[in-house]
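Trainee: build me a structure from this.
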Amino acid sequence: MVAMIGSFNPGTFAQKQASQPSNINHQQVFSQNAAAERIVNLDVLKNEVKQYHDCTCTCGCYARDLDAQADRAIAFLRRRAAQKRAAEKLALVLDIDETSLSNYKQMQQSGFSYVNNDWNAWIDTAQAPAIPGTLRLYKVAQKLGVSVIFITGRSESQRAATERNLSNQGFTNWQKLILRPALAASQSTTAYKSAMRAQIVGEGYKLVLNVGDQWSDLKGAPEAEFSVKYPDPFYLIP
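Mentor: Take a look at the predicted model:
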């Protein structure tokens, strides 16, 4: 049988392929979901947060950033107190958690997850250490005759433990300690804290400085003349 021009002979093709060395370069290929991969892995973020707190990463140093913000607050308070009018009752408003006291030990133990029972148990121990820059600010305020008022999202039921913790860490002789009452439990933090500031203004105080680690500590009328936001990479309270 005469082979037709252009016909395919499988036996001849196989022999040629076997006799010729392959020069094809095989590369490893990985398939991934591009959309999901744009989100940074949670464990990577937690590790970066730890490094930031311990001042061991290129992302900055938590303690140094806190001190820088506290120094800005102190500088403003000194200037404002020097301009005080005779009838003015100047007030400094301070948040507590991650502003006056650090809960890093508990957060690290919980893997930076919020578990209500664990958090409340930690509060009851009254072992949270003071944030040094805020304690410096607190003492300056007292020397300048500026009233210090704490407004915290902690529950009214935690008053005794909170007072004990603050006192043990050097925060003594404050003017007011305002904790969230049960009736305000459903309010947003911004609504609750701004309402408490309005109450303070109604009592004749001049809100000159407000320091917190969340925007919800600072925003909402009435606002202080100067508000200082501390860094907080650990959690967000809208």
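Trainee: ok, then the element right after the helix or strand of the chain with the lowest mean pLDDT?
Mentor: Within the chain, no helix or strand scores below helix 10-19, which has a mean of 51 by mean pLDDT, DSSP states H and E. Next helix or strand after helix 10-19 toward the C-terminus (DSSP states H and E): helix 34-37.
Trainee: show me how far that next one is from its chain's centre.
Mentor: In terms of CA atoms, centre = their mean, to the nearest Å, the centre of helix 34-37 is set 26 Å apart from its chain centre.
Trainee: mean confidence score for stretch 133-149?
Mentor: For stretch 133-149, mean pLDDT is 98.
Trainee: that should have said stretch 230-237, apologies.
Mentor: 97.
Trainee: list the buried residues in that stretch.
Mentor: 230, 232-234, 237 (16 or more other CB atoms under 10 Å). Yep, even glycine has a C-beta here, placed from its N, CA and C like the rest.
Trainee: next one: stretch 117-124
Mentor: Applying 16+ other CB under 10 Å to stretch 117-124 flags 119, 122-123 as buried.
Trainee: can you dump the C-alpha coordinates of it into PDB?
Mentor: Presented in PDB, the C-alpha positions along stretch 117-124 are these (Å, rounded to 0.1, in the frame of the first residue of the first chain):
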ATOM      1  CA  ASN A 117     -15.900  36.200  80.600                       C
ATOM      2  CA  ASP A 118     -12.100  36.300  80.300                       C
ATOM      3  CA  TRP A 119     -12.100  40.100  79.900                       C
ATOM      4  CA  ASN A 120     -14.300  40.600  82.900                       C
ATOM      5  CA  ALA A 121     -12.200  38.200  85.000                       C
ATOM      6  CA  TRP A 122      -9.100  40.200  84.100                       C
ATOM      7  CA  ILE A 123     -10.700  43.500  85.000                       C
ATOM      8  CA  ASP A 124     -11.700  42.100  88.400                       C
END
